[in-house]
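Participant: Generate a structure from the sequence data that follows.
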Amino acid sequence: MPEEREHSWIRELEHKYRSRAARITLVVRILQIALFAAFIILWETAVRSGWIDELLFSYPGKIARMLGELAASGSLLPHTMTTVAETTAGFVLGTLGGTALAALLWWFPVVSRVLDPYLVVLNSMPKVALGPIFIVGFGPGYLSIIMTAVSVTIIITTLTIYGRFREIDANYLKVVRLFGGTRGQVFRLAVLPGSLPTIVSALKVNVGLSWVGVIVGEFLTAKRGLGYLIIYGFQVFNFTLVLSSLIVIGAVAAVMYGLVSLIEARLSPGYRDR
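Facilitator: A predicted model of the protein is given here:
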């Protein structure tokens with residue numbers, strides 16, 4: 001009986017915790033929606049009242065009509081899917097490549113010491129300036145755009161994850177070695193699991209960086225994509241088209257960020273609350 005009462009108390013405590021967490025989540029979602037709605041209403045009101053220039057800033061109603069026209073004409077989806085495919089490729093290649101380079105630097109300390117100054121220089125170099133080089137080297141197509149996105153993400157990913165690899169508690173490494181663990185087992189059992197939060201954080205950062213790289217690449221060479229729509233809108237002075245493209249970019253980027261958050265929840269449950 002005492003054991004049953006103890007289990008009942010634990011279940012009640014867990015229920016209260018989950019209920020409180022659900023209420024907090026609900027309040028956060030309501031506040032997020034209210035803030036977004038207030039911004040849209042203020043924007044619409046400001047333009048219609050003449051507080052800001054409609055030509056430059058457009059307004060939500062006009063942008064919604066523009067998006068509807070693009071969707072009805074069948075041009076919105078191809079442009080969006082092109083940019084999403086390029087961004088996804090740049091995101092995946094940059095993240096995997098950066099993680100692999102970080103593992104290589106950890107595995108071979110001499111290589112790390114040799115490459116360290118070069119990584120610092122490459123990280124400080126404006127990646128946008130490499131766009132014309134990629135266009136010449138890979139041609140004015142999708143590959144050069146993807147490589148622009150990779151160049152933006154791969155170095156910062158390498159430096160961030162490698163820094164975390166080096167910060168793993170040495171005692172954890174010693175324990176694995178004491179049990180006869182090889183260097184590969186040390187990496188797999190101690191270094192990699194201890195770096196998962198940092199790797200997930202790198203994923204979140206790379207969502208934004210890959211979008212930056214792709215849009216810049218599309219500015220330079222694309223004939224299709226959301227970046228192309230933005231640059232075309234500027235050329236014809238159609239800022240409603242520019243803002244419509246930016247809103248689509250924001251929406252798709254938010255979806256990608258949400259997917260990364262789901263990965264974070266699966267890999268490190270409870271990490272966000274700690």
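Participant: Can you mark which positions in stretch 235-251 are buried?
Facilitator: Neighbour-count burial for stretch 235-251 flags 238-249 (criterion: 16 or more other Cβ atoms under 10 Å). For glycine as for every other residue, the C-beta is placed from the backbone atoms N, C-alpha and C.
Participant: taking the residues you listed one by one, which sit in helices?
Facilitator: Under the assignment DSSP state H, these contribute 239-249 to helices.
Participant: how about the strands of this structure, start to end?
Facilitator: Defined through DSSP state E, the strands belonging to the chain form an empty list.
Participant: show me where it has helices.
Facilitator: Using DSSP H, helices in the chain cover 2-48, 54-57, 60-73, 76-107, 109-124, 131-138, 142-167, 170-178, 183-186, 192-194, 196-221, 226-235, 239-267.
Participant: Average pLDDT for the second one, rounded please.
Facilitator: Per-residue pLDDT values across helix 54-57 average out to 82.
Participant: Let me see the contact set for the residue nearest the centre of the chain.
Facilitator: When the chain is reduced to its mean C-alpha position, the closest residue under Cα atoms, centre = their mean turns out to be Val207, at 1.6 Å. If you count contacts by Cβ atoms under 8 Å, 6 or more residues apart in numbering, Val207 has them with 91, 253, 256-257, 260.
Participant: which among those residues end up buried?
Facilitator: For the contacts of Val207, buried by 16+ other Cβ under 10 Å: 91, 253, 256, 260.
Participant: can you pull the pLDDT of Ala46?
Facilitator: 91.
Participant: Roughly how far does it sit from Glu264?
Facilitator: 37 Å (Cβ to Cβ, to the nearest Å).
Participant: Among these two, which residue is more densely surrounded?
Facilitator: Glu264 (19 against 14; other Cβ atoms under 10 Å).
Participant: excluding its backbone neighbours, what's nearest that one?
Facilitator: Of all residues not flanking Glu264 in the chain, Val200 sits nearest, at 4.5 Å (Cβ to Cβ, 6 or more residues apart in numbering).
Participant: about what we covered before: just say which of the helices of the chain is most tucked in.
Facilitator: helix 142-167 (a mean of 23; mean count of other Cβ atoms under 10 Å).
Participant: Give the other helices and strands that it contacts.
Facilitator: helix 76-107, helix 109-124, helix 131-138, helix 196-221 (3 or more Cβ pairs under 8 Å, 6 or more residues apart in numbering; DSSP states H and E).
Participant: where among those is the average confidence lowest?
Facilitator: helix 131-138 (a mean of 83).
Participant: who's in contact with stretch 192-205?
Facilitator: Here stretch 192-205 has contacts from 95, 98-99, 156-157, 160-161, 164-165, 168-169, 172, 257, 260-261, 263-264, 267-268, 271, using Cβ under 8 Å, 6+ apart.
Participant: What of stretch 60-67?
Facilitator: So stretch 60-67 is in contact with 40, 43-44, 54, 76, 240-241, 243-244, 247-248, going by Cβ under 8 Å, 6+ apart.
Participant: Lowest-confidence entry in the residues you listed?
Facilitator: Scoring those by pLDDT puts Glu54 last, at 83.
Participant: what's the nearest residue to that residue if we skip its chain neighbours?
Facilitator: Val47 (5.0 Å).
Participant: ok, now how distant is the one you found from Phe239?
Facilitator: The separation that Val47 has from Phe239, given Cβ to Cβ, amounts to 12 Å.
Participant: just Gly61 next, same as before
Facilitator: 15 Å.
Participant: Who's the closest spatial neighbour of Arg224, skipping the chain neighbours?
Facilitator: Spatially, and ignoring its direct neighbours in sequence, Arg224 is nearest to Thr82 (4.9 Å; Cβ to Cβ, 6+ apart).
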